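>>> let's see this in three dimensions:
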Amino acid sequence: MGTKIHSTAVVENKAELGENVSVGPHSFIENGAVIGDNTEIGSSVWVTGYARIGRGNKIYHGASIGGPPQDLKFKDEPTTAELGDRNLVREFVTIHRGSQASKRTIIGNENLIMAYVHIAHDCRIGDNIILANSTNFGGHCEVGDFAILGGMVPIHQFCRIGDYAMVGTGARITQDIVPYALVGADPTRIVGINRVGLTRRNFSEETRTALKHAFRMIFYSKMLLSEAVVAVKEIYSNNPEIRNLVEFIASSQRGILLKSRKD
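Numbers count the residues shown, from 1 in each chain. Presented below is the predicted three-dimensional model:
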């Protein structure tokens, strides 16, 4: 098959392209960029010299990978934007490289990143995640594996979204979202566990029941958060999902979203 570069594309001499890479019309691949085997670069895509793109990715029209952070403190330090394997990056997505804080923006494998998503500097995006249209991340955010974010979701810098969480369209994320949560909008609140998502991912009924009980204690009871976490940890000491939940809460720096009902 071989590498195919459109006649109107510009691929600078010191860019590194793997086997069977295609580059579409009017795209620009800068010196220093690394693009893995079997990756498709669409039309009018900008891949800077700070981008590291893995294998089997498909990047659509107008995307920008590895541009400088939107950070006034940034002084053009050598940093990277790193994309794993088999990701779909749709139209006009922007993925900025890291800042001096961590020097890397990292995106994992097999993610669907829909049109107009913005992933800012120093973010950490896991695997098998869906980011719907116009979701926008501030710097230093983290998203766990198998999370799903609806469209037009703004995420404040330094926020974390846990594994298997699902966030509804238009929710405004200013605090950490615990793993396995279902988050509604208007107002943004925890409405329970992501029951449908967990069922689809073959979580056992026993595990779903334990998580449902844990969520009731943490988000709906009159217990203090610290008391509820201790109680949940004691009841389900051998459950790995509960351990993941309580460890996430314990490590939160911005605080976790607790609101569970409309006012």
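>>> care to break the protein down by domain?
Listed by automatic domain parsing, the domain ranges of the chain are 4-140, 198-250.
>>> need those domains in CSV (columns: mean pLDDT).
As requested, the domains of the chain are exported to CSV (pLDDT from 0 to 100):
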stretch, mean pLDDT
domain 4-140, 98
domain 198-250, 96
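>>> return the most buried member of those.
domain 4-140 (a mean of 20; mean count of other C-beta atoms under 10 Å). In this view, the C-beta of every residue, glycine as well, is placed from N, C-alpha and C.
>>> tell me how far it lies from the chain's centre.
14 Å (C-alpha atoms, centre = their mean, to the nearest Å).
>>> relative to Asp186, which of the domains of the chain is closest?
domain 4-140 (16.7 Å; C-beta to C-beta).
>>> ok, Gly84 touching Arg124?
No - counting by C-beta atoms under 8 Å, Gly84 does not reach Arg124; the two are 11.7 Å apart.
>>> now the phi/psi pair for Ala228, please.
phi -60, psi -40 (degrees, to the nearest 10).
>>> show me what contacts the closest residue to Ala51 other than its chain neighbours?
Spatially, and ignoring its direct neighbours in sequence, Ala51 is nearest to Gly66 (3.4 Å; C-beta to C-beta, 6 or more residues apart in numbering). Contacts for Gly66 (C-beta atoms under 8 Å, 6 or more residues apart in numbering) come out as Ala33, Val47, Thr48, Gly49, Tyr50, Ala51, Thr80, Ala81, Ile95, His96, Arg97.
>>> the stretch 101-250 of the chain: strands as residue ranges?
Applying DSSP state E, counting those that start in this stretch to the stretch 101-250 of the chain gives strands spanning 104-107, 112-113, 118-119, 124-125, 130-131, 136-137, 142-143, 148-149, 154-155, 160-161, 166-167, 181-184, 189-193.
>>> now those as CSV including distance to Leu72?
What follows is these, written out as CSV (distance: least, C-beta to C-beta, whole Å):
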stretch, distance to Leu72
strand 104-107, 18
strand 112-113, 26
strand 118-119, 17
strand 124-125, 22
strand 130-131, 26
strand 136-137, 18
strand 142-143, 23
strand 148-149, 27
strand 154-155, 20
strand 160-161, 24
strand 166-167, 29
strand 181-184, 31
strand 189-193, 34
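>>> indicate which one of those strands is closest to Glu247.
strand 160-161 (12.0 Å).
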